[in-house]
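In: model the following, please.
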Amino acid sequence: MEVKEAAACGISLREFVAEFDDSELADMYRVFRYVSTGEGFYEEDFVEDLKSQMVYIIGPSVEGELEEIEESTMTWEDTGSEFVFHFNEPEAAYLYQVLNAVETPGEGFDKKLVSRLMAEMMEMAPSVLSNLPVINR
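Out: Reported below is the predicted structural model:
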């Protein structure tokens, strides 16, 4: 997994991507499912690594106040070799808020956004996610 800046020069809104392989996509799906339902499990190291990369690459704005987002441009893309998550700087704060919600599942995040992202993930990679164990036995 790697978070990196995709576009910044000469534009008013910084854009970022997070790249995931198959297993990391599954880890991200588990995080989204856990914060939504409070059921299942997630990899704590995965969440901490993603949060630290976001703070390092994006900066302190990721931990700041949430700006009003008129329309979310967060999208998933399957490049064939990896799964790429596109988002801009204000949306990064929402994503960071979702990652923090593992401490209090079911609250403190935009539920519609997470549901939409989970649906996009399942549509994009059904072979990776459809038989995914979500409960740690």
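In: residue contacts, R30?
Out: For R30, the contact set (C-beta atoms under 8 Å, 6 or more residues apart in numbering) comprises 40-43, 132, 134. For the C-beta atoms, the positions are set from N, CA and C on the backbone; glycine is no exception.
In: what kind of secondary structure is it in?
Out: Using DSSP: H, G, I helix; E, B strand; the rest coil, the structure places R30 in helix.
In: before we move on, what about L117?
Out: helix.
In: over to K4?
Out: Per three-state DSSP, K4 ends up strand.
In: please produce a PyMOL select command covering the buried subset of the contacts of R30.
Out: Remark: buried members of these, expressed as a PyMOL selection using 16 or more other C-beta atoms under 10 Å:
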select buried, resi 40+42+43
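In: quick check: what element follows the host helix or strand of L50 along the chain?
Out: Assigned by DSSP states H and E, L50 falls within helix 44-58. Next helix or strand after helix 44-58 toward the C-terminus (DSSP H and E): strand 75-78.
In: what sits against the residue sitting nearest the centre point of the chain?
Out: The chain has L95 as the residue nearest its centroid, 5.4 Å off, counting by C-alpha atoms, centre = their mean. By C-beta under 8 Å, 6+ apart, L95 lies in contact with 54, 74, 87.
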